[in-house]
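*Asks:* I need the structure of the sequence given here:
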Amino acid sequence: MSDNPFKRPASRAGIRDPRNATFISSLKDIEQGRHRQKQLSAHTSILRLEDLEEVADLPADEPLGQAPAPAMVASKMVAFFGPKGGMGTTTLAINVAGTIARLARQAVIIDMDLQLGSVPVSLNVKPERSIAELVIEAVNSGSGPLESGLDRHASGLTMIAQGDRIEELSSVTTDRLPRFFDAVGQMFSHVIVDGLRDFSDHAVAVMDIAHMVVLVVTQDVPAVRAAARSLRLFRRLGYGPERLKIVVNRYHKKAPVTLEAIGNALGQAVHAVVRNDFPLVEEALNCGVMVHELKSGSGVARDLDALARNLAGLQESRGGGRSFLGRIFKRE
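*Replies:* Okay, here's the model as predicted:
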């Protein structure tokens, strides 16, 4: 038996998302009452809670094994998982990583979408070093950290991405990823991973190493459906609530899909929220900067700051009052 603590059975990866794993079974209140949509209030959910089956009550599929314990290393690794496009997962990952870097902590963001990664274009940084190149360096270095220079954003955040060098992808194998992340972890106190959107071999290998996986969801029915289907697969892979955190992005208190509805649909309470401020976030993306750099006192900037501190295990900011996220979830 291998002594590699990260090694896992091949059956844990490459799971196909079952087409029948939809837990939101009825939308009759919308389909039969479209003329009444304007009457929806903050306390009205377009999800019929009485028709939902919580994940815990579904017929249990045979688990594929318990998720391996996170590596006992000095760094903390958080992976962001976006079950559906357009939910702002990359924006959350970038700003969380940027906040940690701004707090005088060593932070790196790694884009594991090896073909069409969004991190470089969002930060307006062209990768000079590819993941494949660094994976080979990590394997050849034995057990030490990476020694060559890495790409950096103007904010101070370090970035690792594959870029357009798809001809190198054969070098990025799942058996090499633990050594790669170990080498990166020896250089940075916090490792943030983006680009995980499925349960491929690479994605599961990365999430098995991570200390925490953030499942991002927005307040719309397709997003909750996608999150519910993904959550079932996470459960089969052995990820419990202590390892998997649900974050609602673009939160609005008057949205028809409420936090209560999302929690009931997913069978797990929402861990944190980041409010909706699309114009400010869009401007930050267009400029290739962090939201904090444009308007540090904005509500969304405060929410991102609180989320970063929460996920990274850092102390809450003492200035400017508690964030919206902090006011809602301080009681937990």
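
*Asks:* for the helix or strand hosting residue 208, output the C-alpha coordinates as CSV.
*Replies:* In this assignment (DSSP states H and E), residue 208 forms part of helix 201-209. This file holds the C-alpha atoms of helix 201-209, laid out as CSV (Å, rounded to 0.1, in the frame of the first residue of the first chain):
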residue,chain,number,x,y,z
ASP,A,201,-9.8,13.5,-11.5
HIS,A,202,-7.9,16.8,-11.2
ALA,A,203,-10.7,18.5,-9.3
VAL,A,204,-11.2,15.7,-6.8
ALA,A,205,-7.5,15.4,-6.2
VAL,A,206,-7.3,19.1,-5.4
MET,A,207,-10.3,19.1,-3.1
ASP,A,208,-9.1,16.0,-1.2
ILE,A,209,-5.9,18.1,-0.3
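
*Asks:* now whichever helix or strand comes after that helix and helix 201-209, what's the angle there?
*Replies:* Elements were assigned by DSSP H and E; along the chain past helix 201-209, the next helix or strand is strand 212-217. Interaxial angle, strand 212-217 versus helix 201-209 (axes from the mean of the first three to the mean of the last three Cα atoms, to 10 degrees): 120 degrees.

*Asks:* export strand 212-217 to PDB, keeping only CA atoms.
*Replies:* Output of strand 212-217 as PDB, limited to C-alpha atoms (Å, rounded to 0.1, in the frame of the first residue of the first chain):
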ATOM      1  CA  MET A 212     -12.000  23.600   3.100                       C
ATOM      2  CA  VAL A 213     -14.200  23.700   0.000                       C
ATOM      3  CA  VAL A 214     -16.400  26.700  -0.600                       C
ATOM      4  CA  LEU A 215     -19.600  25.800  -2.600                       C
ATOM      5  CA  VAL A 216     -20.800  29.000  -4.200                       C
ATOM      6  CA  VAL A 217     -24.500  29.600  -4.900                       C
END
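
*Asks:* and that strand, which strands flank it?
*Replies:* With DSSP bridges as the test, strand 212-217 is paired with strand 76-81 (parallel), strand 244-251 (parallel).

*Asks:* need those strands in JSON lines with mean pLDDT, can you?
*Replies:* As requested, the strands paired with strand 212-217 are exported to JSON lines (pLDDT from 0 to 100):
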{"stretch": "strand 76-81", "mean pLDDT": "96"}
{"stretch": "strand 244-251", "mean pLDDT": "96"}
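
*Asks:* indicate which one of those is closest to residue 152.
*Replies:* Closest to residue 152 of the strands paired with strand 212-217, according to Cβ to Cβ: strand 76-81, at 19.4 Å. For every residue, glycine as well, the C-beta is placed using N, CA and C.

*Asks:* out of the strands paired with strand 212-217, nearest to residue 231?
*Replies:* Proximity to residue 231, assessed across the strands paired with strand 212-217 by Cβ to Cβ, is greatest for strand 244-251 (7.7 Å).

*Asks:* what distance separates the closest one from the centre of its chain?
*Replies:* 9 Å (Cα atoms, centre = their mean, to the nearest Å).

*Asks:* let's see that strand as CSV, backbone CA atoms only.
*Replies:* Extracted in CSV, the C-alpha atoms of strand 244-251 (Å, rounded to 0.1, in the frame of the first residue of the first chain):
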residue,chain,number,x,y,z
LEU,A,244,-17.8,22.1,3.0
LYS,A,245,-19.1,25.6,3.4
ILE,A,246,-21.9,27.2,1.4
VAL,A,247,-21.5,30.9,0.5
VAL,A,248,-24.3,32.9,-1.2
ASN,A,249,-22.9,35.4,-3.6
ARG,A,250,-24.8,38.5,-4.8
TYR,A,251,-27.1,38.3,-1.9
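
*Asks:* and the following helix or strand past it, which residues are buried?
*Replies:* Of the helices and strands lying after strand 244-251 in sequence (DSSP H and E), the nearest is helix 259-266. Burial within helix 259-266, assessed by neighbour count using 16 or more other Cβ atoms under 10 Å, is assigned to 259, 261-262, 264-266.

*Asks:* I appreciate the help and will end here.
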